[in-house]
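Colleague: Predicted model, plus sequence, below.
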Amino acid sequence: MSRRLWVLVHRWAGLAMTGFLIVVGLTGSLLAFLPELEHALNPEFFVADNGRPRLDLATLAERAETLAPEARVNALWVGEQDTVMVSVAPRIEPSTGKPRDPGFDQLVLDPYTGAELGRRTWGAISEGIVNLMPFIYKLHYTLALDEVGIWILGITALVWTIDCFVAFYLTLPAGRSDSRSFRERMAQGIFLLRNKPFFFGALTPAETSRARGNHRNVPAQRAFWQRWKPSWQIKWRASPYRINFDLHRAGGLWLWPALLIFAWSSVYMNLWDTVYTWTTRLVFDYREPWTELPKLGKPLDQPRISWRDAETIGRGLMDKAAATHGFTVERPVAFRLNRELGVYVYIVRSSRDIQDRFGQTRVFFDADTGEERLLLLPSGQYGGNTVTTWLAALHMAHVFGLPYRIFVCILGLAIVMLAVTGVVIWLRKRRARRFRHAAGAFSPEASVSRLDVLAKADES
């Protein structure tokens, strides 16, 4: 396919994504420091440690149900900064069979005493600053449009992933007589960076030879690099338009690996049970509750096993798994009741976790019988799960400490810059096309000056 076609693909894909990328870029920059911003905005939700022992998860769940009898507990998360977030849902009224709206869906508890620190409808900006960071999170994840927003941003992420490769290809130098395919040109560009080709499908021997540009021919490699080198540079002394163009092209090139990681991890965040799962399972062994556990015909209302007994079972199953698979448990971080699947999920931070914060070592067991249904370790168990853990941790800035969180914050702003500079390039070229169209409308015999043509173009 011609380079012209890929230019059109990149142009219209970029324009279609612009608004969405600006939103997720700006919100993502803030979310890199979500715990700190939440603490600064809502200090009443957090308490001092003072060396006191924390209450167990079952006690906290029971305490939440006592504080809010009109609600039922679905999950508890133990935060890094001494707070417990309890997710609740309306309790079904036995006499009517209808849910009683408690007026909130999140309860905040003191992890040491079980005292209530606050309650809110998570993400409802109408409640004020108490929900500012949850609202920003909803904007980033769903555009604050719930299911519709998940699909919109999921499709955007998929287009973004594909466009990463198209954009990389367009930075490669184009020769007048260059008849190589898209795959060959992509392979040569990345071959120069990593000393080996990287592409979707296997090249034929002839294609590989051409893509490598005759690897033993050092002058040819140098010639290619000299032609590609301007794509990596920004000419700060050039015109404003050229600086804008260089920021778009060079900025995208330097950040390309990070952009690809964030694009594909966004597919995981929004299309986790469809596109991401299908694609990952083509390459790796990948297991998640939506692939291994069937949904119940009707969501579970009241499990036979209480929170107290469930915690005992979960702790025992996790200790058994630790002995079997050779990992150590550091501390429990969450406890969930998945009513659609009819299982409890006991979550701990273990030596298999890679992130700086939280934990994703999970055991699933039947909420009625206590039978183990699924064990998922964040690394070292299934290849697809290990890759996914890294993608999620990189996306949410849960690895490599403060320096990487600063990088993610800056990357969000860079994504906004790339989107805006892309629009500026399109507007400039659109105006140029209009000028050429206006100029072509006049015959040579008319002897119209260039200034007249420019004026005509400006009016159109």
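Modeller: That came in fine, so what should we check first?
Colleague: SS state for Ala397?
Modeller: Following DSSP: H, G, I helix; E, B strand; the rest coil, Ala397 is assigned to coil.
Colleague: Pretty sure it sits against Tyr404.
Modeller: Yes. Shown here, Ala397 and Tyr404 form a contact pair, counting by Cβ atoms under 8 Å, at 6.0 Å. Every residue, glycine included, has its C-beta placed from N, CA and C.
Colleague: So for those two, which sits in the more crowded spot?
Modeller: Just comparing Ala397 and Tyr404: by other Cβ atoms under 10 Å the higher neighbour count belongs to Ala397, 24 against 17.
Colleague: What ranges does the stretch 101-250 of the chain have for its strands?
Modeller: 106-109, 116-120 (DSSP state E, counting those that start in this stretch).
Colleague: Leu153 is nearest to which of these?
Modeller: Smallest distance to Leu153 across these (Cβ to Cβ): 22.7 Å, for strand 106-109.
Colleague: Could you list every helix and strand that the closest one packs against?
Modeller: Contact here means 3 or more Cβ pairs under 8 Å, 6 or more residues apart in numbering; DSSP states H and E; on that basis strand 106-109 packs against helix 57-67, strand 84-92, strand 116-120.
Colleague: Given that strand, what are its sheet partners and their directions?
Modeller: Strand 106-109 pairs in its sheet with strand 84-92 (antiparallel), strand 116-120 (antiparallel), by DSSP bridges.
Colleague: right, and those strands - which one's nearest Ile234?
Modeller: strand 84-92 (44.2 Å).
Colleague: tell me the most buried of the strands of the stretch 101-250 of the chain?
Modeller: strand 106-109 (a mean of 22; mean count of other Cβ atoms under 10 Å).
Colleague: Can you show me the helices along the stretch 1-150 of the chain?
Modeller: 3-31, 34-41, 57-67, 132-142, 146-171 (DSSP state H, counting those that start in this stretch).
Colleague: coming back round to it: mean pLDDT for the strands paired with strand 106-109: which is lowest?
Modeller: Least confidently modelled of the strands paired with strand 106-109 is strand 84-92, at a mean of 93 by mean pLDDT.
Colleague: Next, the angle from that strand to helix 57-67.
Modeller: If you take axes from the mean of the first three to the mean of the last three Cα atoms, to 10 degrees, strand 84-92 sits at 50 degrees to helix 57-67.
Colleague: got the strands of the stretch 101-250 of the chain as TSV, with distance to Phe284 columns?
Modeller: Formatted as TSV, these follow (distance: least, Cβ to Cβ, whole Å):
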stretch	distance to Phe284
strand 106-109	35
strand 116-120	39
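Colleague: ok, back up a step: out of the helices and strands packed on strand 106-109, nearest to Lys429?
Modeller: Nearest of the helices and strands packed on strand 106-109 to Lys429, taken as Cβ to Cβ: strand 116-120 at 47.5 Å.
Colleague: Extract the CA atoms of the closest one and return them as PDB.
Modeller: Extracted in PDB, the C-alpha atoms of strand 116-120 (Å, rounded to 0.1, in the frame of the first residue of the first chain):
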ATOM      1  CA  GLU A 116     -16.800   5.800  60.100                       C
ATOM      2  CA  LEU A 117     -14.700   8.500  58.500                       C
ATOM      3  CA  GLY A 118     -17.100   9.400  55.700                       C
ATOM      4  CA  ARG A 119     -19.400   8.200  52.900                       C
ATOM      5  CA  ARG A 120     -19.900   9.200  49.300                       C
END
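Colleague: Out of the helices and strands packed on strand 106-109, which is closest to Phe104?
Modeller: strand 116-120 (4.4 Å).
Colleague: of the helices and strands packed on strand 106-109, which approaches Trp256 most closely?
Modeller: strand 84-92 (36.4 Å).
Colleague: quick revisit: right, so of the strands of the stretch 101-250 of the chain, which gets closest to Phe224?
Modeller: Among those, strand 106-109 comes nearest to Phe224, with 56.1 Å by Cβ to Cβ.
Colleague: what's the offset of that closest one from the middle of its chain?
Modeller: Centroid separation between strand 106-109 and its chain, computed with Cα atoms, centre = their mean, to the nearest Å, is 26 Å.
Colleague: can you list contacts of that strand?
Modeller: By Cβ atoms under 8 Å, 6 or more residues apart in numbering, the residues outside strand 106-109 that reach it are 45, 60, 63-64, 67-68, 71, 83-88, 115-122.
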